[in-house]
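> what's the 3D shape of this:
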Amino acid sequence: MTRTSIMPCLVYRDAPAAIDWLCRAFGFVQHLVVPGDGGTITHAQLTLGDGMIMLGSGTSEFMRQLTALPADIGGRQTQTPYVVVADPEAHYAAAIKAGARIVRPIQEEDYGGKGYTLADPEGYVWHFGSYDPWQDSELNPP
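Numbering: from 1, shown residues only. Have a look, this model is predicted:
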């Protein structure tokens, strides 16, 4: 069977600053960064464990037609990534230290685990928590 992965793709007004912040605040690691003209990023891949996001400055006509930044649409979102982390309390503390805007403080979840929600400097909403749906015994019977 071919491996299937889903990778969120995000557009940032200041992609170089976003890359720096995402690595500092969340622990992402630069996998590939392709610089563009005028300090932009044509394409970047950041990894966290065995997960990956892709991002860029969105300067092509194609991307400008497809996407809007949260700031352009009143901070609203059409999708929000959820990331499984081993130690949500330590992750929460690092995000606060990096200046994340906490949208929902860390708490025990009704469905298991502990998690929180934040907005990054450009307004993207992220959920982090210890609940791993791949490990949920109800979803994956023996």
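> can you find the helix or strand in the chain with the smallest mean pLDDT?
Ranked by mean pLDDT, DSSP states H and E, the helix or strand of the chain with the weakest confidence is helix 61-66, at a mean of 86.
> ok, which stretches of the protein are strands?
Along the chain, counting by DSSP state E, strands occupy 9-11, 29-35, 41-48, 51-56, 82-84, 101-108, 114-119, 125-129.
> make TSV from those and add distance to H91, mean pLDDT and mean neighbour count to it.
C-beta: built from backbone N, CA, C; applies to glycine. Output for the strands of the chain, formatted as TSV (distance: least, Cβ to Cβ, whole Å; pLDDT from 0 to 100; neighbours: other Cβ atoms under 10 Å):
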stretch	distance to H91	mean pLDDT	mean neighbour count
strand 9-11	19	94	19
strand 29-35	15	98	13
strand 41-48	10	97	18
strand 51-56	14	95	18
strand 82-84	9	93	17
strand 101-108	9	97	13
strand 114-119	8	96	20
strand 125-129	5	95	20
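> and those strands: which comes nearest A94?
strand 125-129 (10.1 Å; Cβ to Cβ).
> format the CA atom coordinates belonging to stretch 120-133 as CSV.
Presented in CSV, the C-alpha positions along stretch 120-133 are these (Å, rounded to 0.1, in the frame of the first residue of the first chain):
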residue,chain,number,x,y,z
ASP,A,120,0.3,32.4,15.5
PRO,A,121,1.6,35.9,14.7
GLU,A,122,-0.2,36.1,11.4
GLY,A,123,-3.5,34.8,12.9
TYR,A,124,-3.5,31.1,11.9
VAL,A,125,-5.2,29.0,14.5
TRP,A,126,-3.4,25.8,15.7
HIS,A,127,-4.6,23.1,18.1
PHE,A,128,-2.0,21.1,20.0
GLY,A,129,-2.7,18.2,22.3
SER,A,130,-1.8,14.7,23.6
TYR,A,131,-4.9,13.0,22.3
ASP,A,132,-3.9,10.8,19.4
PRO,A,133,-6.9,9.5,17.4
